[in-house]
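Peer 1: coords please:
(2 chains)
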Amino acid sequence: MIGDIFHEIGSTVRNNKLRTALTGFAVSWGIFLLICLLGAGNGLMNAFMQGSDNFVQNSIQVWGGTTSIPANGYKEGRRIRLDQGDVDITLGREFADHVDMVAPVTSGLSTTLINGDKTVEGYVRGVTPELASIEKVNLKSGRFINPLDVEQTRKVVVISSKQEEELGGNMLGKWVTISGFSFKVIGVYHSDESNYQSDNYMPYSTAKGIFFPDSRVGTLSFTFHGIDNLQQSNDFEQEYSSRLKAHHSASPDDPNAIWIWNRFSQNIQMNSAMGILNIALWILGILTLVSGIVGVSNIMLISVKERTHEFGIRKAIGAKPGNILSLIITESICITAVFGYIGMVLGMVACEVMDKTIGQRAVDIGFTQIHMLENPTVGVGVAIEATILLIIAGTIAGLAPARKASKVRPIEALRAE
Amino acid sequence: MALIELENINKTYNNGQPLHVLKGIDLQIEKGEFVSIMGASGSGKSTLLNILGILDNYDTGTYHLDGKLIKDLSEKQAAQYRNQMIGFIFQSFNLIGFKTAVENVELPLYYQGVSRKERHTRAMEYLEKMGLTQWATHFPNEMSGGQRQRVAIARALITSPSIILADEPTGALDSKTSVEVMQLLKELNKNDGMTIIVVTHESGVANEADKIIHIKDGIIGNIEENRQHTAWSGPMVK
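Peer 2: Here you go, the predicted model:
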């Protein structure tokens, strides 16, 4: 029976080629734009997400700021530097329910790495092994700083692949000179364009001993658990920063004394922003598609009017209202689906073209480069969603004309000649 | 019980001014009869045919077709009865233009849910009966009026209906073809025992039937037995 319906539709379409093509174009165009919009949106989101992929989501980074409110007898404008006390607080009983791993980092010294006559810019970061689990350090060869390095204050360093290249290539196991001291290269990490590429990781204790003899800690990173939503995350952040501010005799209300980068909260916010962007794109696409649907509906109404006589004949020889109804709706769905698919395929081709052109173009945003669009394509999921959308659209477009057709009274129709 | 039993059928159209078209029709038609209904235009003969064909409703009275009461049917039920019990032949053939002859003949079976292959076989059988085998894949506009009407007759016959209702079947045909078509209907009646009702305003056409029912101003005038076909002596079609 399905075959018969298609056969029926085939003959009507053949009889109205131009009209069908014009209507179909509106639907194709709608779906084409929808796919392009979603593809570009995906590309934008992927580009954003790529940056945040470098960090563990449930982690917080803390560093000192400058007070903006006088407190405890100190004037405003005092520079706050994190110290061992902050590390102890973070590791202490107070936050033991949530805090997992703590990684203090001493940093803030630009330097030069020297290998014979080759030199390259570097940036010293004294770290503990835990850091590798918080900031994803993507090793190309060798290893990261381990507990023994820290314990024995070894002079070892992890450099970036870009630095390795500029220092002459294959530096693993070789020695480089940093500020007059020789360091053994124990690891090389992949430097991609979207990340810092001049960081040099060395044991925390070594860096402290050589470059930062005072008690200061540059930044503090830690991971946490047991926090499920934005509210809890913000509460925890609030409580934690108050505690640190108290430690540094700063006002608990001072927004500038301690800086906290809560990746968990940020991630939630980013996800919801992307959700909104995605919904906005769908709405735009669907609105475009609506004009196509109206077109199909209009064409079907005209077609039904023209075929009144035919429906009269069909009814006279035994077609039930349901037969006529399903004939028109199926016809509408077929027109919408066929042309929708053409639009979808073209849209996907356009996405691929976008990927090969704008997608490859990197934009310099100062300290790093990002791709404007990262993989701006739509997946199978979207294709399935769009198919369902097309079927619904076709049904809606065919509904009114089909009802009109099914209500044709055979005697009226047979007279209509 | 007769195949068709009409009892005091009344029908009024309410288009602005009420128009009482059928004023109490009583009629019985037996199985195997070949009857013509004659009347001038406006006499109510077309309305009567529409009621007989379950294309239209009536206001009061009863209509039994093959023992079934045809009254206040749902559209779906009416469609089913039309499909199974009635074969229509129209003045203007009413074939579907974008379907070939054989597809047109198949259509009633399509609405019965018969498989494509069987439909085709049976449609070809009936086209052969009508001598149209080589015209099966032609479209209506490639055929002559007589051929089109024979396709329409094949379509009317394919469901083996209880009655054939023909509304001015020769109205759009020339005299020679008209004679052929009427001959065909007579043969169907004689050889296959098909009950046939022809509505016409032409005496010559009406004369081909065994019984002529005269209808005037919404009531049945007289019923003329016409076994010898002597009711009219002129040419069949003017």
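Peer 1: So the residue lying closest to B:L52 once chain neighbours are set aside, which state does it fall into?
Peer 2: The shortest distance from B:L52 to any non-neighbouring residue, by CB to CB, 6 or more residues apart in numbering or on different chains, is to B:L165 (6.0 Å). To be clear about C-beta, it is placed using only N, CA and C from the backbone, and glycine gets the same treatment. Of the three states, B:L165 takes strand according to DSSP: H, G, I helix; E, B strand; the rest coil.
Peer 1: Enumerate every residue touching B:L165.
Peer 2: Contacts for B:L165 were tallied using CB atoms under 8 Å, 6 or more residues apart in numbering or on different chains; they are B:L49, B:L52, B:G53, B:I86, B:G87, B:F88, B:I89, B:I197, B:V199.
Peer 1: Closest to chain A out of these?
Peer 2: Relative to chain A, the closest of the contacts of B:L165 is B:F88; by CB to the nearest CB it sits at 5.6 Å.
Peer 1: Write out the residues of chain A neighbouring chain B.
Peer 2: Contacts of chain A with chain B, taken as CB under 8 Å from any CB of the partner chain, map to A:1, A:3-4, A:11-12, A:14-15, A:309-310, A:312-323, A:410-411, A:414, A:417.
Peer 1: Residue 146: neighbouring residues, count only.
Peer 2: Looking at chain A here, since you left the chain open. Using other CB atoms under 10 Å in any protein chain shown, A:N146 has 15 other residues around it.
Peer 1: other chain: chain B
Peer 2: Residues near B:G146, counting by other CB under 10 Å, number 18.
Peer 1: so it is in which element?
Peer 2: Here B:G146 sits within helix B:145-157, counting by DSSP states H and E.
Peer 1: Sketch out the low-pLDDT regions of chain B for me.
Peer 2: Scanning chain B for pLDDT under 70 picks out B:238.
Peer 1: For the stretch 301-417 of chain A, which segments count as strands?
Peer 2: Per DSSP state E, counting those that start in this stretch, the stretch 301-417 of chain A carries strands over the ranges A:362-364, A:369-371.
Peer 1: residues contacting residue 216?
Peer 2: Assuming you mean chain A. A:R81, A:L82, A:D83, A:T106.
Peer 1: Chain B, not that one
Peer 2: B:G39, B:A40, B:S43 are the contacts of B:K216 under CB under 8 Å, 6+ apart.
Peer 1: Recalculate using a threshold of 6 Å.
Peer 2: B:G39, B:S43 (CB atoms under 6 Å, 6 or more residues apart in numbering or on different chains).
Peer 1: So it versus B:G97, what's the distance?
Peer 2: Taking CB to CB, to the nearest Å as the measure, B:K216 falls 37 Å from B:G97.
Peer 1: How about B:L6?
Peer 2: Taken as CB to CB, the span from B:L6 to B:G97 is 35 Å.
Peer 1: What of A:P147?
Peer 2: 89 Å.
Peer 1: Identify the residues contacting the strand or helix carrying A:G85?
Peer 2: For A:G85, the host element (DSSP H and E) is helix A:84-91. Residues from elsewhere that reach helix A:84-91 (CB under 6 Å, 6+ apart): A:V99, A:V102, A:P104, A:S215, A:L220, A:F222, A:R243, A:L244, A:H247.
Peer 1: which ones among those are found in strands?
Peer 2: A:V99, A:V102, A:P104, A:L220, A:F222 (DSSP state E).
Peer 1: Can you show me the helices along chain B?
Peer 2: Under the criterion DSSP state H, chain B contains helices at B:45-52, B:75-85, B:101-110, B:116-129, B:145-157, B:175-192, B:203-206.
Peer 1: Return the set of residues that bridge with B:S36.
Peer 2: Beta-bridge partners recorded for B:S36 (DSSP bridges): B:V198, B:I212.
Peer 1: I figured it was touching B:A206, is that so?
Peer 2: Yes. Counting by CB atoms under 6 Å, B:S36 does reach B:A206; the two are 4.0 Å apart.
Peer 1: Find residues that contact each of these two.
Peer 2: Going by CB under 6 Å, 6+ apart, residues that sit against B:S36 and also against B:A206 are B:T200, B:I212.
Peer 1: next one: phi and psi at the residue in the stretch 251-400 of chain A that chain B sits nearest to?
Peer 2: Here the stretch 251-400 of chain A gets closest to chain B at one residue, A:G318, 2.5 Å apart by CB to the nearest CB. Dihedral angles of A:G318 (phi, psi; degrees, to the nearest 10) stand at phi 120, psi 10.
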